[in-house]
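Peer 1: how does the following fold in three dimensions:
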Amino acid sequence: RQMIADHMVYSKHTSPHVTAYVEADLTNMVNWRNENKVAFQEKYGEKLTFTPLFVEAVAKAVKDFANINA
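Peer 2: Sure thing, here's the model as predicted:
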């Protein structure tokens, strides 16, 4: 545990740690989900979350821009 802690501290001191933020307007996505979540839950017995919407968006982006997956 001591070695791991030492390496974590070393990493923090030697490697640049960067946090990036990107904002996106998800109003249309929220509105679509709100319009469809009741019907979705009645049909499938599961709540409609944002996760599958983001997964679909990422899959389409990777398909359209294959190098992003490199």
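Peer 1: what comes up buried for the lowest-mean-pLDDT helix or strand in the chain?
Peer 2: Ranked by mean pLDDT, DSSP states H and E, the weakest helix or strand in the chain is helix 2-14, scoring a mean of 87. For helix 2-14, the neighbour count (16 or more other C-beta atoms under 10 Å) marks no residue as buried. Just so you know, the C-beta spots here come from the backbone N, C-alpha and C atoms, and that holds for glycine as well.
Peer 1: which SSE is immediately downstream of it?
Peer 2: helix 27-44 (DSSP states H and E).
Peer 1: now that following helix - C-alpha only, CSV.
Peer 2: The C-alpha coordinates for helix 27-44 follow below in CSV (Å, rounded to 0.1, in the frame of the first residue of the first chain):
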residue,chain,number,x,y,z
THR,A,27,-33.1,20.3,-24.1
ASN,A,28,-34.3,18.3,-27.1
MET,A,29,-33.1,15.1,-25.6
VAL,A,30,-34.8,15.8,-22.2
ASN,A,31,-38.0,16.8,-23.9
TRP,A,32,-38.0,13.6,-26.1
ARG,A,33,-37.4,11.4,-23.0
ASN,A,34,-40.1,13.1,-21.0
GLU,A,35,-42.6,12.6,-23.9
ASN,A,36,-41.7,8.9,-24.3
LYS,A,37,-40.8,7.6,-20.8
VAL,A,38,-44.3,6.6,-19.7
ALA,A,39,-45.0,4.7,-22.9
PHE,A,40,-41.6,3.1,-22.7
GLN,A,41,-42.1,1.9,-19.1
GLU,A,42,-45.5,0.5,-19.9
LYS,A,43,-44.2,-1.4,-22.9
TYR,A,44,-40.9,-2.7,-21.5
